[in-house]
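A.B. asks: just a sequence and a predicted model for now, questions to come.
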Amino acid sequence: MKDKRYRILILQVTPKNLDLALGFLYKLGLTTLEQKRNRSGTWLLVKVGFDQITREFTDPFLKFKTEDGQRIFKSIKYKTILHGRWAQALQKDLRPFMLVSPREESSDLPTLWIEPRRKISKLLRKDTLYIQPGMAFGTGEHPTTQMSAELLCKVLVQEKKAKVLDLGCGTGILAMVAKKMGVKTVWGIDNDPTALEVAQENFSRNKIKEIVLKETLDETRQKFQVIVSNILFKTLVELKDKILRHLAPQGFLIISGIVYQDCEALIEEYKNLTLIERKNKDAWSALLFKNEN
Ligand SMILES: C[S@@+](CC[C@H](N)C(=O)[O-])C[C@H]1O[C@@H](n2cnc3c(N)ncnc32)[C@H](O)[C@@H]1O
């Protein structure tokens, strides 16, 4: 009978050694299921077979070191999961993690945390967004959301008076990031009514008011100084004309939801705009454009 159990390796790495760690896993043919940052470090969650964890298997992890002798994998733990129970197992495990943090090249970025929280509570930290746990997408853990949030903060540090549109807002994280950055007018648009309901719940959970939620961009003619759209390559191509029509002169467009290989094609689609920055994380990319027309 096929074993119903498998293991999740939980590996702790220091952020500066993340690429080395991912390369090591890649060579072993192991796929990273999740990458998390929380107050105690960066964690990689990797699925392996139930019988795979032996001394011979874990030894190379422990022996993998930087040139100056520091261990790449600071700790290795594992847990056993029953097939089909991944979501429940993960929910128990949800801890606060950093969505945005100051970088060497951009130290004026704020620190923003995400804390999964089931109940609505009165105690809220200014630097934290509280999100309903257990959503398939929209918990802020996806690299495209993290890169979009970082680029959004970077733009909004300079452009506080901007009107911001989060197109494909999902559970509303990026719209809330704009609010946390002090923006007055924020719109969130999503063609999935369930996403809009969850977004509205998240706004209440965070006591954030005055984000306009709509199902389609056709409901407004106004222009936005900043548009952030973490959707998918195909949709970003389909919506191009509408996006450009709603982007103010000298405005900024942040797009993500694209895999690395699709970047060039998307840059070509948006060639009327000036590409300012490109970010890559795992297999994903995010692009920042300026409308200099
Ligand atoms: C990948 S999710 C990203 C959610 C959110 N921006 C985030 O980063 O967590 C993409 C979202 O875009 C929405 N979407 C897809 N096509 C759309 C369209 N044509 N107009 C508006 N929303 C769309 C989906 O319903 C989904 O919620």
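C.D. replies: In hand now; what should we look at?
A.B. asks: can you give me the helices for the stretch 1-150 of the chain?
C.D. replies: 18-27, 55-63, 86-93, 143-158 (DSSP state H, counting those that start in this stretch).
A.B. asks: return the residues of the stretch 51-200 of the chain in contact with the ligand.
C.D. replies: 137-138, 145, 148, 168-171, 173-174, 189-192, 195 (CB under 6 Å from any ligand atom). For glycine as for every other residue, the C-beta is placed from the backbone atoms N, C-alpha and C.
A.B. asks: any quick PyMOL command for the buried ones out of the residues you listed?
C.D. replies: To isolate the buried members of these in PyMOL, using 16 or more other CB atoms under 10 Å:
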select buried, resi 138+145+148+168+169+170+171+173+174+189+190+195
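A.B. asks: keep only those of the residues of the stretch 51-200 of the chain next to the ligand that are in helices.
C.D. replies: 145, 148, 173-174, 195 (DSSP state H).
A.B. asks: distance between the ends of stretch 60-70?
C.D. replies: Start to finish, the residues bounding stretch 60-70 are 14 Å apart (CA to CA, to the nearest Å).
A.B. asks: pLDDT on that stretch, on average?
C.D. replies: Averaged across stretch 60-70, the pLDDT comes to 90.
A.B. asks: what's it in contact with?
C.D. replies: With contact meaning CB atoms under 8 Å, 6 or more residues apart in numbering, stretch 60-70 is reached by 11, 14, 17, 20, 24, 71-73, 76.
A.B. asks: cool, and stretch 197-214?
C.D. replies: 117, 120, 124, 129-132, 135, 138, 169-173, 175-176, 179, 184-190, 196, 220.
A.B. asks: apply 6 Å and report the result again.
C.D. replies: 120, 129-130, 169, 171-172, 175-176, 179, 186-189, 196 (CB atoms under 6 Å, 6 or more residues apart in numbering).
A.B. asks: show me the two of those that sit farthest apart.
C.D. replies: Ile120 and Ile189 (24.5 Å; CB to CB).
A.B. asks: tell me how far Leu30 lies from the ligand.
C.D. replies: 25 Å (CB to the nearest ligand atom, to the nearest Å).
A.B. asks: what's the answer for Leu11, then?
C.D. replies: In terms of CB to the nearest ligand atom, Leu11 sits 25 Å off from the ligand.
A.B. asks: check contacts around the residue in the stretch 1-150 of the chain positioned nearest to the ligand.
C.D. replies: Closest approach between the stretch 1-150 of the chain and the ligand, counting by CB to the nearest ligand atom: Thr145, at 3.5 Å. The contact partners of Thr145, taken as CB under 6 Å, 6+ apart, are 173, 230.
A.B. asks: look at it and report its pLDDT.
C.D. replies: 91.
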